[in-house]
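>>> what's the 3D shape of this:
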Amino acid sequence: MPAFEQAISSVANPRVKGWAKLSERKYRQQSGRFKLEGVHLVKEALEAGWPLEAVVFDEGFGLPEELLPHAERGGSGVGQAAETAWIPVSPDIIAKCSETETPQPVFAVALKRSVGRDELFGGGSGKDAGALGAVRSRGPVVVLDGVQDPGNVGTIVRCAAASGAAAVVLGKGTADLYNAKTLRATMGALFRVPAIEADLSELLPEAKRQGAVLYGTSLQAELSCYEIDLTGGDVWLLFGNEGAGLSAHAQALIDRPIIIPMTGYAESLNVAMAATVLLFEAQRQRMV
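Residues are numbered from 1 along each chain as shown. Here you go, the predicted structure:
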């Protein structure tokens, strides 16, 4: 049986005030927590074993049936759900904590996860066949340098997860990964690929010292993305701002500028579209 906590009805409750403040980026950074709204995102997090501090639901609607199996396992002390509080609340609390015009009847408070160095610099340099196979099967690291639109960031994270990317790095000026719009655009893929916010002025030089090869798209490049080997564990794909492209610092560190050939006519591709093309080309090469 699900083990629910006692219902909370007052919007003045300290826990409720803390949940509502998670709409603010500064508070998310300070607390190391973020909020997931809606059945789909909460279900995806639970299925991925993501650490959730609490699942909060409208006591009038009850816990959505899609989440009941997880609550029942939690009540039995099984799995990650056992460490999650399941809390019924009043509709006023749901409305106070929601960031959408039509509040979802459930949200979760999730904990941020750290990304280890092995997930960024895990290509390795082993000589045996097993080690070489592991390097070849490892997807690229995706780097976002000032990608401002939450929809683009979420879409790229989703494509990175779908294509087997090793990790996603979000540099300064990039939309907040834990913004409600970004989270919705990921469709839960955030829980399937390591993601980290980092200072690219420090991380990219370190990556090069670790043997990473940095690729960036350029309309002036002579090398096509279909002419290069994207299978190694040392591949880092850089994507810049929607209007200005890569920052001068990142551009200066690029090892191989590449172009996505277009047989028709378009001035350029949207950054999320360009990322999708390169990520799935990298996947295709690894599958050969």
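>>> Contacts made by whichever helix in the chain runs longest with the rest, please.
Ranked by residue count, the top helix of the chain under DSSP state H comes out as helix 271-287. Contacting residues not belonging to helix 271-287 are listed as 136-137, 139-140, 142, 147, 151-152, 155-156, 159-160, 163-165, 215, 217, 225-226, 229-231, 235, 237, 239-242, 260, 269 [C-beta atoms under 8 Å, 6 or more residues apart in numbering]. Where C-beta positions appear, they are placed from N, C-alpha and C, glycine not excepted.
>>> try 7 Å
Residues outside helix 271-287 that contact it (C-beta atoms under 7 Å, 6 or more residues apart in numbering) are 136-137, 139-140, 142, 147, 152, 155-156, 159-160, 163-165, 217, 225-226, 229-231, 235, 237, 239, 242, 260.
>>> same check, this time on stretch 216-234
The contact list for stretch 216-234 (C-beta under 7 Å, 6+ apart) reads 122-124, 135-136, 138, 140, 211-213, 238, 246, 251, 254, 256-261, 268, 274, 278, 281-282, 285-286.
>>> follow-up on the earlier one: can you flag which of the contacts of helix 271-287 belong to strands?
Among those, DSSP state E puts 142, 217, 235, 237, 239 in strands.
>>> what's the helix or strand that contains residue 250 packed up against?
Residue 250 belongs to helix 248-253 when assigned by DSSP states H and E. Secondary-structure packing of helix 248-253 (3 or more C-beta pairs under 7 Å, 6 or more residues apart in numbering; DSSP states H and E): helix 200-209.
>>> which secondary structure elements does the helix it packs on contact?
With contacts defined as 3+ C-beta pairs under 7 Å, 6+ apart, helix 200-209 has these neighbours: helix 248-253.
>>> For this protein, which segments are assigned as helices?
Using DSSP H, helices in the chain cover 14-21, 25-31, 39-47, 68-75, 91-97, 117-120, 129-137, 150-162, 180-186, 200-209, 248-253, 271-287.
>>> Looking at the ones you listed, which is nearest to residue 172?
Nearest of those to residue 172, taken as C-beta to C-beta: helix 200-209 at 6.8 Å.
>>> in the closest one, what counts as buried?
In terms of neighbour count (16 or more other C-beta atoms under 10 Å), helix 200-209 has its buried residues at 200, 203-204, 207.
>>> Out of those, which two sit at the greatest distance?
The largest separation in the buried residues of helix 200-209, counting by C-beta to C-beta, is between 200 and 207 at 9.4 Å.
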